[in-house]
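S.K.: Quick one: sequence plus predicted model below, questions after.
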Amino acid sequence: MRVAESRQLDRTDEKMIEECFVMGKLAEDGPELPRLGDEFGKSVSYRDFNGNQVVVFYIQPLSREPEKLQTVLGKSGTEVYISFDDKNKRYLDRYGYSKEDDKVAFLKEHFKNRLILFRPILSYEHKALRYHYNFQILLDEKLDTQITLNSKFFVPLPTYSQHSHQMFESRLVSAKPIELSSYNHAMEIPEFIVCGDYLYYIVEEDSFKKYKVNQNHNLYICEKPEGIRRIKKPKDFERYIKLGHKDVAFAPIEETKKWIDECNEYGESIPDILKDRVRETTKETKKDTIKEDSKVNQDTSSFSQDEIIVNESDFVQRLDYLARKKKLRYALDDIYNFHTSLKTSNFTILGGMSGTGKTELAMLYSEALKMKMGENLLFIPVRPSFTEPSDLFGFLNPQTGVYHESEVGLVSFLYQASIDKNKMHMVLFDEMNLGQVEHYFSDFISILELEKGKRVLRLFNEGANCVQPHLRGGIPIGDNVLFVGTANFDETTRDFSNRMLDRSNVIILEKLSFLEAQKYELEDIDSLQDYEEKEKTKVNHPEAVITAKTFNSWISEKKSLSFLKEYELSLLDNLHEEISSYDSQTGVSFRIAKQIAHYLENVPKDEEGNLFIERTTAFDYQIKQRILSKIRGHKEQIENLVGNEDDYNGRLGIIISGDGVANFEKSLAYLKQKAKELKRNGYTL
């Protein structure tokens, strides 16, 4: 191994390199490896270091490395990376490494015929003025095909997951910045990009360039869209994808050469795709526009002449802008998912570990709607003492006929919402499962079963004497009220009943990595404005209030199975059959199937008619939120369904991954987390 004298990089370049993903394998014994003490040319060996015996081992890179390692530091492509076992102890202990007596033999055997995903770690030796190339292991995977066994090089495949493939293509053509979250400027321009069900080949290298603005080193911009060609993912695509992690994976170069030939022969250029799409959808778009316009403009007498009607695409961009402005750390899909859920669910629950920003996201949404606390936004911190509906609503004194409202003020709030019908209102139940939801929330659950227009909150029996006339007939709950709950899922909280989950979308917010979150910290308002100007994206009517009429004009009220595709219905049938076989009272009901169809039909679109969330991704969200959220219990009950931590090969995972049409990575990741909980606790919440 050659460790060449080199100048020291600035910390920004070092950090970029250390954020990169590289694939490798355990190096082979040979004279090209360095001598350590009496050991020469060993890929794994013991070494005395500061009086302690450690194991040193080497990784041979098999994929493209950060560009600056070669251009600035002079690292050769065959030069190995070195590390000690204690630097990767946490990862190795997943396999019981600490308990092994012969650690050298264990590492050799474990990494035999395995690919390793790692991050480079740079260690600068000031005395010698040189870098040592260390590594942090992230993942390893068994080689399972002859092609991957024999391949000497793998091509990185970054994934663009922030928008649907239609929006990705629109951004390519309109020269808007594109963020590849797991592929930064330390790397060369990628050869391929994956988005949705498509593979994009960058034919001309100068057509796709690094976009240097602010502190975001993951932005790229397309200057020549005609230099990019698209093909449908090959049928055997997933078979050759290795070490998929976050938004990057790798494929053997032998396969990528075939994909290049296919792209050159059959691939479509991006401008041609958009032209064809416009021609094919012009008539349909015109019909949809007329429908939407008529819906928005129906009964225009209820709008004041100076009232601004905001279209949904502008509102979604407003949400995105506010999140970035406040440096809130949400994936774009989480924001789009939350918005779609609020449009189509009677109740939306934001779950996740403490500190992921559940309450902040709900408050962000209310700000985008231009709500005001105490006026049309009600914040209710749920207490463990909440045990019955009176804790939420209050009670009627039968002797005086006076209705005594609960101190949370929900009754007055809902009554005001029933009067001011064109103003959007939101009720936020914070940490709602600190109390027993099925008990204090039972009246609401019953109301949520009813269709819009028939929801009336009755606070007491019809024949009871009440001196407040406005409460006697009950309080109608209209389509101008949004209900949101936040929930932690741990030993301090109560479970949601299946009855509640049937009427809710449960969104589990995932924590971004600290490296991803740091980008938000480094941006200031001036750079944000600069970014928006260069992105050519404007937030139209940023101060316009979203009225109930406008909000409901974005919603398609159809709830029909006819909107679901054949493979989606088949998958739901298979999931129902499997789930109901272990619990006859659980499964995929017609109610849930129609709600899933309702959600898919209401995924927002941009001004060009492109979906903000890819349909397969939206369906993936719904499987996770509407179906898998009800899978819980003890290990003996559900291990066959969710699988175990070693292989995650549960029945539900087999059904979902065996679909062959979509990846369903969110649902599969959720099942893996459940498998880990089963192993750790013996049960899942």
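M.R.: Perfect, I can see it now.
S.K.: May I ask which helix or strand encompasses T348?
M.R.: Per DSSP states H and E: T348 is located in strand 347-351.
S.K.: Please state the offset of the next helix or strand after that strand from the chain centre?
M.R.: Downstream of strand 347-351, the first helix or strand assigned by DSSP H and E is helix 358-368. Mean-position distance between helix 358-368 and its chain equals 18 Å (CA atoms, centre = their mean, to the nearest Å).
S.K.: Repeat that for stretch 252-268.
M.R.: The answer for stretch 252-268 is 29 Å, by CA atoms, centre = their mean.
S.K.: got the contact list for that stretch?
M.R.: Contacting residues not belonging to stretch 252-268 are listed as 147-148, 151-155, 191-192, 199, 201, 203, 229-231, 234, 240, 242, 251, 276 [CB atoms under 8 Å, 6 or more residues apart in numbering]. The C-beta positions use only the backbone N, C-alpha and C, and glycine is treated the same way.
S.K.: Residue ranges in the protein under the pLDDT threshold?
M.R.: Applying pLDDT under 70 to the chain flags the ranges 1-7, 34-40, 145-149, 213-215, 278-307, 490-494, 511-538, 645-648, 658-662.
S.K.: which among the contacts of stretch 252-268 end up buried?
M.R.: 148, 151, 154-155, 191-192, 199, 201, 203, 229-231, 240, 242, 251 (16 or more other CB atoms under 10 Å).
S.K.: now the residue in the chain sticking out farthest from the centre: how far from N644?
M.R.: Distance from the C-alpha centroid of the chain peaks at Q399, with 54.4 Å (CA atoms, centre = their mean). Distance of Q399 to N644, given as CB to CB, to the nearest Å: 61 Å.
S.K.: try P190
M.R.: 36 Å.
S.K.: These two: which has the busier surroundings?
M.R.: The neighbour count for P190 versus N644, taken as other CB atoms under 10 Å, is higher for P190 (20 against 15).
S.K.: And what about the more buried one, helix, strand or coil?
M.R.: When classified by DSSP: H, G, I helix; E, B strand; the rest coil, P190 comes out as coil.
S.K.: who are the neighbours in contact with it?
M.R.: Counting by CB under 8 Å, 6+ apart, P190 touches 156-158, 180, 183, 202, 208.
S.K.: again with I623
M.R.: By CB under 8 Å, 6+ apart, I623 lies in contact with 571, 575, 656, 664, 667.
S.K.: Max pairwise distance over the residues you listed: which two?
M.R.: Maximum pairwise distance in those, criterion CB to CB, is 11.1 Å, between L575 and F664.
S.K.: Between these two, which has more neighbouring residues?
M.R.: A count of neighbours by other CB under 10 Å puts F664 above the other of L575 and F664, at 23 against 20.
S.K.: looking at it, that one is touching I655, isn't it?
M.R.: No - contact status for F664 versus I655: not in contact, 9.8 Å apart, counting by CB atoms under 8 Å.
S.K.: where exactly do the helices run in the stretch 1-150 of the chain?
M.R.: Counting by DSSP state H, counting those that start in this stretch, the stretch 1-150 of the chain has helices at residues 11-18, 67-71, 89-92, 103-110, 146-150.
S.K.: in the sheet, who's paired with T159?
M.R.: V194 (DSSP bridges).
S.K.: What is the neighbour count of it?
M.R.: Quick note: T159 (other CB under 10 Å) scores 21 neighbours.
S.K.: show me the residues around it that make contact.
M.R.: With CB under 8 Å, 6+ apart, T159 has these contacts: 180, 182, 193-195, 247-249.
S.K.: rerun that using 10 Å as the cut-off
M.R.: Counting by CB atoms under 10 Å, 6 or more residues apart in numbering, T159 touches 180-183, 192-196, 244, 246-249, 663, 665.
S.K.: mind listing which of the residues you listed are in strands?
M.R.: Judged by DSSP state E, strands contain the following of those: 192-195, 244, 248-249.
S.K.: In a markdown table: the residues you listed, plus distance to L33.
M.R.: Conversion of the ones in strands among the contacts of T159 to a markdown table gives the following (distance: CB to CB, whole Å):
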| residue | distance to L33 |
| --- | --- |
| F192 | 32 |
| I193 | 36 |
| V194 | 35 |
| C195 | 40 |
| G244 | 30 |
| V248 | 28 |
| A249 | 29 |
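S.K.: and of those, the nearest to M167?
M.R.: When those are compared for distance to M167 (CB to CB), C195 wins out at 9.1 Å.
S.K.: correct me, but the closest one touches I228?
M.R.: No - judged on CB atoms under 10 Å, C195 makes no contact with I228 at a distance of 11.1 Å.
S.K.: mind listing the helices in the stretch 201-350 of the chain by residue range?
M.R.: Secondary structure of the stretch 201-350 of the chain (DSSP H, counting those that start in this stretch): helices at 237-240, 253-266, 270-297, 312-325, 332-344.
S.K.: An error on my part: the question was meant for the stretch 501-650 of the chain.
M.R.: Using DSSP H, counting those that start in this stretch, the helices of the stretch 501-650 of the chain run over 514-522, 525-535, 548-553, 566-582, 590-601, 615-622, 635-642.
S.K.: L377 is nearest to which of those helices?
M.R.: helix 548-553 (14.2 Å).
S.K.: Please name every helix or strand in contact with the closest one.
M.R.: Helices and strands touching helix 548-553, by 3 or more CB pairs under 10 Å, 6 or more residues apart in numbering; DSSP states H and E, are helix 270-297, helix 312-325, helix 332-344.
S.K.: Would you mind splitting the chain into its domains for me?
M.R.: 11-141, 154-272, 329-512, 560-685 (automatic domain parsing).
S.K.: out of the ones you listed, which comes closest to S313?
M.R.: Across these, S313 has its closest neighbour in domain 560-685 (4.8 Å, CB to CB).
S.K.: What is the end-to-end distance of stretch 452-460?
M.R.: This stretch, stretch 452-460, spans 21 Å end to end (CA to CA, to the nearest Å).
S.K.: And for stretch 171-184?
M.R.: Using CA to CA, one end of stretch 171-184 lies 18 Å from the other.
S.K.: Take the helices of the stretch 201-350 of the chain and lay them out in CSV including distance to S504.
M.R.: Formatted as CSV, the helices of the stretch 201-350 of the chain follow (distance: least, CB to CB, whole Å):
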stretch, distance to S504
helix 237-240, 32
helix 253-266, 42
helix 270-297, 26
helix 312-325, 21
helix 332-344, 9
